[in-house]
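Colleague: Using only what follows, build the 3D model:
(2 chains)
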There are 2 protein chains.
Amino acid sequence: MIEDLVDRLRLLRTPGVGPVTFRQLFIRFGTAAAALAALPDLARRGGGKAPAVRSRDEAEREITRVERLGARFLVLGQGLYPQLLAELADAPPVIIAKGNLNLLDKQCVAIVGARNASAAACRFARALAYDLGQRDNVIVSGLARGIDTAAHDGSLETGTVGIIAGGIDVFYPPENEGRQRALYEHGLVIAEMPPGTEPRARHFPYRNRIIAGMSAGTVVVEAAPRSGSLITARLAAEAGREVMAVPGSPLDPRAQGCNQLIRDGATLVQNAADVMEAIGSISARVRSAPSPYQPPVEEFHDDDALGLVEGLLGPSPVPVDEIIRLSGASSGAVQMALLELDLAGRLDRHAGNRVGLRTA
Amino acid sequence: MIEDLVDRLRLLRTPGVGPVTFRQLFIRFGTAAAALAALPDLARRGGGKAPAVRSRDEAEREITRVERLGARFLVLGQGLYPQLLAELADAPPVIIAKGNLNLLDKQCVAIVGARNASAAACRFARALAYDLGQRDNVIVSGLARGIDTAAHDGSLETGTVGIIAGGIDVFYPPENEGRQRALYEHGLVIAEMPPGTEPRARHFPYRNRIIAGMSAGTVVVEAAPRSGSLITARLAAEAGREVMAVPGSPLDPRAQGCNQLIRDGATLVQNAADVMEAIGSISARVRSAPSPYQPPVEEFHDDDALGLVEGLLGPSPVPVDEIIRLSGASSGAVQMALLELDLAGRLDRHAGNRVGLRTA
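Modeller: Okay, here's the model as predicted:
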């Protein structure tokens, strides 16, 4: 098992291998070891150089570091990995968690919102988190200033999970160090990036997909238009989860994001009872926890398919389904061709299962 | 024509003849005169005494009084009677209007809300009415305190219609006398009750159905749960019109009615552009102004049907369609039997085309 984790980390930390590519490789090759062995050949066939695979040594050092931090890896498709998160097409292949892992067994509800929220909204978020906690929900948020902080504070006693954009041992914003340490003790902290990673702007949308993906529903409390909270809401909607928003007066600029969400179809919620009613249908979905990876399909390379797929691709993203349809090749052959282009550094994967040729 | 108005008023002001009974009588008999002539026989067949038909003299006095007040009658199915209002199953057979009748030719939008609304909400309502007026809408409201008053004030220059629960010459609340007089001059005032009628509690829901019925959509600005504004919203929804509500913070008790409306499916609106977008589909409905009364069907009485219908009715309201189905009689025969029971004072008509036997 530890060998498998080493291989998964080597594959995942290899430049150019994101969660979707990782999943495709797993579908084709069944194990990380087999995928690693196939990488050079795949890249060569795709017309590029073999990617710089992360060394065994580096992977082992990361594992040791995580252990020393008192954290542990959760592997997609195994054990304690959050079931709802595993449903995402771009679910993180591995996450790092520190704290009370039992919380992963309960229904999670995300509460997110503005960092510069009003005092009234923060009080509201804290009370909502408390009330939802009393109803046996675990609260998920992003350990940011404002609404996130209020949501964690309100649910610290009943169960709260902080998803952070940087490494599991990095405190951001600095003033939340005490709060993050409290979550190590009484809650749970989850990171996707390796320990020591300082959070950068591009990490936050990844963090947001975990918040939305772990949760049966996401409640937005005060959010500006075009804010990160609205990204989280969109990701929740794409994942088929309940999107909820707390309304406000049109005269209050901080209410505009939430009001717009409601206009776009989010459920208006005013209290914990409204939230429970809204997520009722989602929590009723019985999940039989299927493995997110199917057994490997027969490995085959199809030069005709590769040529066809390459010819059909341009810089503009197109849906993979359309490539399959236009090429006339089998789905398996097209996916393999895409993998080869991907690992050769010639493919960009976009949201909504769309792909395009990478431009220099 | 004046003879016809006299007959319509005699029929309409006869105790026990409401708008629905009036419509049924018209469907059967084609003219008010023919319906008046048939009343005694119908009531007798229904097992009651003939209703005390309003005298010709009284009807003529009402007409003279309305004329002296500088007001005029608008008759359902004729001329200037508001087209959208005519679509209601319980459209008033006659309304009394004083002011600028040209306003009835434009698209109407209702703005309603709490009498004890916050100053901010009143300011919002006034600005919304102004903005909608600038976009060529006529604003309809109820000339009550609070939101209604603000809506009229914001649209006085572009076009505003006040629907009042009492007579066209009665000022309620008293402090709005100046405003109502201003609407006589620059807007329009509409009343369903005869001149001199002091408004009573039961009149306000009737007034509300005219507000909702005349308008392509109804916007609710601040409303308590179980308030008259929510009745107006329900009536608008039942009439197939757009229901819109302005949201507010869950921490503000005065926002709860509107937030609940949005939860129940009303469109969240924050400004005039949102309102225009919402009512776009309704204003696009081309109406060819069909007469609301079909030509009279062959008059017939069916003693078997009357007995069957009587046997099927109890004090609990049941849908007319169910009576037709259970009786096995024709729709026309059942409607006639109901009319006979109605005019005999033995039937109660309820919302949603349901009927029940009147209990002593």
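Colleague: host element of A:Gly356?
Modeller: A:Gly356 belongs to strand A:354-357 when assigned by DSSP states H and E.
Colleague: can you give me the offset of the lengthiest helix in chain A from its chain's centre?
Modeller: Taking DSSP state H as the criterion, chain A has its longest helix at helix A:119-134. In this view, helix A:119-134 has its centroid 25 Å away from the chain centroid, taken as Cα atoms, centre = their mean, to the nearest Å.
Colleague: What residues does the stretch 1-150 of chain A have near chain B?
Modeller: A:Ala120, A:Phe124 (Cβ under 8 Å from any Cβ of the partner chain). For the C-beta atoms, the positions are set from N, CA and C on the backbone; glycine is no exception.
Colleague: any idea where the strands of the stretch 1-150 of chain A begin and end?
Modeller: A:72-75, A:94-99, A:108-113, A:138-141 (DSSP state E, counting those that start in this stretch).
Colleague: The second one packs against which elements?
Modeller: Counting contacts by 3 or more Cβ pairs under 8 Å, 6 or more residues apart in numbering or on different chains; DSSP states H and E, the secondary-structure elements packed against strand A:94-99 are helix A:2-12, strand A:72-75, helix A:177-186, strand A:188-191.
Colleague: Likewise for the first one?
Modeller: For strand A:72-75, the contact count by 3+ Cβ pairs under 8 Å, 6+ apart identifies helix A:2-12, helix A:56-68, strand A:94-99 as packing neighbours.
Colleague: So which elements touch the longest one?
Modeller: Contacts of helix A:56-68 with other secondary structure elements, assessed using 3+ Cβ pairs under 8 Å, 6+ apart, are made with helix A:2-12, strand A:72-75.
Colleague: want to throw the ones you listed into TSV with mean neighbour count and mean pLDDT?
Modeller: Converted to TSV, those look like this (neighbours: other Cβ atoms under 10 Å in any protein chain shown; pLDDT from 0 to 100):
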stretch	mean neighbour count	mean pLDDT
helix A:2-12	19	93
strand A:72-75	18	95
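Colleague: okay, these in TSV with distance to B:Leu143 next?
Modeller: Compiled in TSV, the helices and strands packed on helix A:56-68 are given as follows (distance: least, Cβ to Cβ, whole Å):
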stretch	distance to B:Leu143
helix A:2-12	69
strand A:72-75	64
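Colleague: What's the nearest residue in the stretch 251-360 of chain A when you look at chain B?
Modeller: A:Gln270 (3.8 Å; Cβ to the nearest Cβ).
Colleague: isn't A:Asn116 right next to A:Gly146, touching?
Modeller: Yes - A:Asn116 is within contact range of A:Gly146, at 6.0 Å (criterion: Cβ atoms under 8 Å).
Colleague: In terms of neighbours, single out the busier of those two.
Modeller: Counting neighbours by other Cβ atoms under 10 Å in any protein chain shown for A:Asn116 and for A:Gly146 shows that A:Gly146 has the greater number, 20 against 12.
Colleague: Got the confidence number for that one?
Modeller: For A:Gly146, the pLDDT comes out at 95.
Colleague: doesn't A:Ile111 make contact with it?
Modeller: No - look at A:Gly146 against A:Ile111 with Cβ under 8 Å: they stay out of range, at 11.1 Å.
Colleague: thinking again about what came up before, which stretch among the strands of the stretch 1-150 of chain A is buried most, on average?
Modeller: Neighbour counts (mean count of other Cβ atoms under 10 Å in any protein chain shown) averaged over each of these peak at strand A:108-113, with a mean of 31.
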